[in-house]
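Engineer: Okay, predicted coordinates and the sequence, questions at the end:
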Amino acid sequence: MRDWLIHIKRGEYASLQSQIREALVSAILDRKLDRSEPIPSTRKMAKTLGVSRNTVVLAYQGLLDDGYLLAKERSGYYVSDKAIEDTMVKPRAANSKSAAASAGLDWAAKVKLRPALQENTVKPLDWQDYTYPFIYGQVDHTLFPLAEWRDCTRQALGKKWFGAWTNDTSAMDDPLLVEQIRRRILPRRGIMAGDDEILITLGAQNALYLLTSLLVDKSTRIAMEEPGYPDMRNIFKLATDNVAFAPVDEKGLVLSPALDSADIVFTTPSHQFPTTVTMPLERRMALLKKASEKNFIIIEDDYEFETNYVNEPCPALKSLDDEGRVIYIGSLSKTLFPGLRLGFMVAPKALIAEARALRRLMVRHAPNNNQRTAALFLSLGHHDTLIRRLHKAYRTRWEIMGKALETHFPSSARIPSFGGTSFWVKGPAKLDTEKLAKAAAEKSILIEPGRINFGVSPQPKNYFRLAFSSIEEKKIEPGVKLLAEIMKNLS
């Protein structure tokens, strides 16, 4: 057997059977197997790979069923002619003239929106390879109940729920997930809503883009927190140049004159992004009063609503809203996992109806299999169990990081009163945290410079964020200590 045909990696995420199948399919589609020669027998393949013969038999049987292989009596297994024919596409004759014309086309002049020119937060995909990954928004895989999630996935994929996730539901959401959000998640924030006031989105980001598309044009005036969420700033700026920045103090968004002329105010009151401060009840009531007086809408992004493990939760702005001015955005990313891409929007039903119609034109609906799996995970109590586990782990890490920062970065970081998963750190005035991040990365430390969170110019460079959701407890203090030494050597 050719030595390039199959390589088994034990301990990989894929089963041995799947690896054998994937390797053979790749070899067939890449035309590396001659149709006139039999592929190795199941016995020979099993012996060569050092696996059970049953494993190879099952892999071969699957390829037979799917038409990649055919079995010839007393001869063996061969590549199916049909498998090769299906992959054969006659290439179009090269046309050098049209290729040259295409290369010379000025796409920059034709594109009406230029989001690629905006500065965005950049996070390395290989963050798990760092010794000290103080990266925000990622999860600790050891805390996630994989067996329970897998069980919910099996149920969702079973015959009972087959139609729930295979059908095209047009603009409608999974009713079980909507029910679980309405009954289990929103009451924790003091929010009562009907099914027609909830929309499932592809994460909170999708909800924010939908709202901007519906509510913002060139004349719309926006006010948002400074520092604040850079992706929201970028989304707004695709639609309007009228984006004002309101300062943040120890109580969150300041009710500054920037709000007086706004049509829409964006805020993160429960756990301000990125400073982590929490807006007290008194200011929330004052913000709602100003919204009524000045007639503006509030978008409340409650992005870490399930990570309050320090104090009693303050009611969401939405729960205090008597006029229907607050649009509430939530996400399941921080408690489940960011790759799931499930979020939700709560708003008056007239707005939800428009958002649903717009979402239909964009993506129709969130993947039904993910919706049903998440719904089952919630309904069976696994989500509540996970939250308790996260609270315990995060509380410990929160305390360790707080002590480490007080020791190695004295008076540079405020202890978050809400909890959350990160600290906002202010370095010396002359510190350039982007240079610090580069130097830290060389020592396998991953931090997030804070300059991009500021909308004003010049942007302060001496802030950075340290998150602890995905780093081991024992690595927090050594990582902070090493970072302090690196910063000292830079100055």
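Structural biologist: Now that the structure is in, tell me what you want to look at. Numbering: from 1, shown residues only.
Engineer: Let me see the domain layout of this protein.
Structural biologist: Recorded structural domains for the chain (assignment: automatic domain parsing) are 16-85, 127-138+385-490, 145-380.
Engineer: Redo those as CSV? Include mean neighbour count and mean pLDDT.
Structural biologist: Bear in mind the C-beta positions are built from the backbone N, C-alpha and C, glycine included. Listed next are those as CSV, based on neighbours: other CB atoms under 10 Å; pLDDT from 0 to 100:
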stretch, mean neighbour count, mean pLDDT
domain 16-85, 16, 84
domain 127-138+385-490, 18, 93
domain 145-380, 19, 93
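Engineer: Out of those domains, which is closest to Q118?
Structural biologist: Among these, the nearest to Q118 by CB to CB is domain 145-380 (4.6 Å).
Engineer: what's the span of the closest one, first residue to last?
Structural biologist: Domain 145-380 has an end-to-end distance of 13 Å (criterion: CA to CA, to the nearest Å).
Engineer: Could you check how far the residue lying farthest from the centre of the chain is from P38?
Structural biologist: Taking CA atoms, centre = their mean, the residue of the chain most remote from its mean C-alpha position is R74, at 53.3 Å. As defined by CB to CB, to the nearest Å, R74 lies at a distance of 11 Å from P38.
Engineer: for T55, same thing?
Structural biologist: 19 Å.
Engineer: ditto for A439
Structural biologist: 58 Å.
Engineer: same deal with K438?
Structural biologist: 56 Å.
Engineer: hang on, isn't S333 packed against F344?
Structural biologist: No - counting by CB atoms under 8 Å, S333 does not reach F344; the two are 11.3 Å apart.
Engineer: Run through the helices of the stretch 101-250 of the chain in chain order.
Structural biologist: For the stretch 101-250 of the chain, the helices defined by DSSP state H, counting those that start in this stretch occupy 107-110, 146-157, 162-166, 175-180, 203-215, 230-239.
Engineer: got those as CSV, with distance to L358 columns?
Structural biologist: Below are these laid out as CSV (distance: least, CB to CB, whole Å):
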stretch, distance to L358
helix 107-110, 24
helix 146-157, 27
helix 162-166, 23
helix 175-180, 18
helix 203-215, 6
helix 230-239, 14
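Engineer: just so I know, which of the ones you listed lies nearest E406?
Structural biologist: Per CB to CB, nearest to E406 of those: helix 230-239, 28.1 Å.
Engineer: Show me what the closest one is packed against.
Structural biologist: helix 203-215, strand 222-226, strand 243-249 (3 or more CB pairs under 8 Å, 6 or more residues apart in numbering; DSSP states H and E).
Engineer: what angle sits between that helix and strand 243-249?
Structural biologist: Computed by axes from the mean of the first three to the mean of the last three CA atoms, to 10 degrees, the angle separating helix 230-239 from strand 243-249 equals 160 degrees.
Engineer: heads up, I number from 159, so please use that
Structural biologist: OK, 159 is where the count begins now, so the last one is helix 388-397.
Engineer: CA atoms only for helix 388-397 - export them in CSV, please.
Structural biologist: Only the C-alpha atoms of helix 388-397 are listed here, as CSV (Å, rounded to 0.1, in the frame of the first residue of the first chain):
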residue,chain,number,x,y,z
PRO,A,388,-15.3,48.7,18.5
ASP,A,389,-17.4,46.4,16.4
MET,A,390,-20.5,48.4,17.2
ARG,A,391,-18.7,51.6,16.4
ASN,A,392,-17.7,50.2,13.0
ILE,A,393,-21.3,48.9,12.3
PHE,A,394,-22.7,52.4,13.1
LYS,A,395,-20.1,54.1,10.9
LEU,A,396,-21.0,52.0,7.9
ALA,A,397,-24.4,53.7,8.0
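Engineer: now stretch 485-499, how far from the centre of its chain.
Structural biologist: Distance of stretch 485-499 from its chain centroid, counting by CA atoms, centre = their mean, to the nearest Å, is 7 Å.
Engineer: Between its first and last residues, how far does stretch 377-385 reach?
Structural biologist: Per CA to CA, stretch 377-385 runs 23 Å from first to last residue.
Engineer: all strands in the stretch 409-558 of the chain, in order from the N-terminus.
Structural biologist: 410-411, 422-425, 455-459, 484-489, 501-504 (DSSP state E, counting those that start in this stretch).
Engineer: what does the stretch 159-308 of the chain give?
Structural biologist: Under DSSP E, counting those that start in this stretch, the stretch 159-308 of the chain gives strands at 227-230, 234-237, 290-291.
Engineer: Would you mind putting the ones you listed into a markdown table with distance to Q177 alongside?
Structural biologist: Formatted as a markdown table, these follow (distance: least, CB to CB, whole Å):
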| stretch | distance to Q177 |
| --- | --- |
| strand 227-230 | 17 |
| strand 234-237 | 18 |
| strand 290-291 | 28 |
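Engineer: So which of these is nearest R201?
Structural biologist: When the strands of the stretch 159-308 of the chain are ranked by proximity to R201 (CB to CB), strand 234-237 comes first, at 10.8 Å.
Engineer: That closest one - contacts with which helices or strands?
Structural biologist: The contact analysis (3+ CB pairs under 8 Å, 6+ apart) places strand 234-237 against strand 227-230.
Engineer: For the closest residue to L228 other than its chain neighbours, give its distance to R179.
Structural biologist: Nearest residue to L228 in three dimensions, chain neighbours excluded: S238, at 4.8 Å (CB to CB, 6 or more residues apart in numbering). For S238, the distance to R179 equals 14 Å [CB to CB].
Engineer: Over to D421?
Structural biologist: Taken as CB to CB, the span from D421 to R179 is 56 Å.
Engineer: Over to G321?
Structural biologist: Distance from G321 to R179, by CB to CB: 28 Å.
Engineer: Ok, which of the helices of the stretch 259-408 of the chain comes nearest N469?
Structural biologist: Of the helices of the stretch 259-408 of the chain, nearest to N469 by CB to CB is helix 361-373, at 23.1 Å.
Engineer: how far does that closest one sit from the chain's center?
Structural biologist: That offset, for helix 361-373, works out to 15 Å (CA atoms, centre = their mean).
Engineer: hmm, who's touching stretch 289-303?
Structural biologist: Stretch 289-303 has contacts (CB atoms under 8 Å, 6 or more residues apart in numbering) with 281, 285, 491-492, 494-496, 540, 543-544, 547-548, 551, 579-580, 602-606, 623-630, 633, 636-637, 640-641.
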